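In: turn this into a model:
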Amino acid sequence: MKFSKFISYFFHPINFPIIGAILFFVFIPKFIFKPQEYTILIVIFIGTYIFPLLLLALLKRFKMINSYHMVTIEERKFPTLLFISISFIIGNWLYKSSIVNLLALFFLGYGLGLIGTYIFFYLKLKISMHTLAISGLIGFIFYFSYFYKINLIPILALLFVLVGLIGSARLKLQAHKLSEVILGCIVGLASQFIVYLIYMM
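Out: The predicted model follows:
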């Protein structure tokens with residue numbers, strides 16, 4: 001149980017946008033000026049990590065959520081809308097810069113996936129944000145490696161192992177049903193591929 005809690009906290013969905021951005025800059029084969037790279041990473045870190053963390057702390061303080069894992073569907077609605085907005089704002093900003101289009105798609109894909117999550121709330125399904133987040137990263141790494149023709153199989157293999165660990169941890173903690181964990185994976189992957197296919201049309 002302690003290990004499952006550690007996995008859930010260490011691989012919290014809030015961590016994956018900045019992880020994806022770092023992987024992008026580590027493996028991208030074209031040169032990007034370091035000041036631009038650092039500016040982008042700082043904005044992403046503040047927008048997707050610091051700001052949401054402060055907001056979640058405020059929501060918890062005012063008892064709008066009981067925990068950072070937002071156990072109930074009602075608890076998840078407002079933060080999900082906020083994360084949708086953040087994802088599209090950052091995605092749009094990155095796309096307009098025309099320097100890092102694929103990284104922009106990563107965030108637009110997350111935004112689309114979160115819209116799917118919000119729709120499922122009304123079907124009384126609480127999709128696993130944990131598996132959605134890591135599956136979205138997997139989808140991004142797939143088309144990133146395909147687009148630039150680089151071998152990222154070791155990274156993908158590690159991420160697939162992590163999907164299993166994270167999904168098992170969420171089930172062990174009884175935070176989700178198996179269907180919600182699987183749906184998280186499907187929505188996370190599908191949203192990334194949909195955005196990439198639209199971009200390539």
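In: where do the helices of this protein begin and end?
Out: Taking DSSP state H as the criterion, the chain contains helices spanning 2-10, 16-27, 34-45, 51-61, 73-97, 101-121, 129-148, 153-172, 178-200.
In: for residue 67, find the nearest of those.
Out: Residue 67 sits nearest to helix 51-61 of all those, at 7.3 Å, using Cβ to Cβ. From N, CA and C alone the C-beta is placed, and that goes for glycine too.
In: now render the helices of the chain as JSON lines, adding distance to residue 67.
Out: Below are those laid out as JSON lines (distance: least, Cβ to Cβ, whole Å):
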{"stretch": "helix 2-10", "distance to residue 67": "11"}
{"stretch": "helix 16-27", "distance to residue 67": "19"}
{"stretch": "helix 34-45", "distance to residue 67": "23"}
{"stretch": "helix 51-61", "distance to residue 67": "7"}
{"stretch": "helix 73-97", "distance to residue 67": "8"}
{"stretch": "helix 101-121", "distance to residue 67": "18"}
{"stretch": "helix 129-148", "distance to residue 67": "13"}
{"stretch": "helix 153-172", "distance to residue 67": "14"}
{"stretch": "helix 178-200", "distance to residue 67": "17"}
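In: next, format these as a markdown table and append mean neighbour count and mean pLDDT.
Out: Converted to a markdown table, those look like this (neighbours: other Cβ atoms under 10 Å; pLDDT from 0 to 100):
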| stretch | mean neighbour count | mean pLDDT |
| --- | --- | --- |
| helix 2-10 | 13 | 84 |
| helix 16-27 | 18 | 95 |
| helix 34-45 | 14 | 94 |
| helix 51-61 | 14 | 85 |
| helix 73-97 | 17 | 91 |
| helix 101-121 | 22 | 95 |
| helix 129-148 | 23 | 96 |
| helix 153-172 | 16 | 94 |
| helix 178-200 | 19 | 95 |
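In: ok, now which ones touch the most centrally placed residue in the chain?
Out: Of all residues in the chain, the one closest to the mean position by Cα atoms, centre = their mean is residue 133, 3.4 Å from it. Neighbour list for residue 133: 13, 15-16, 110, 188 [criterion: Cβ atoms under 8 Å, 6 or more residues apart in numbering].
In: all set, thanks.
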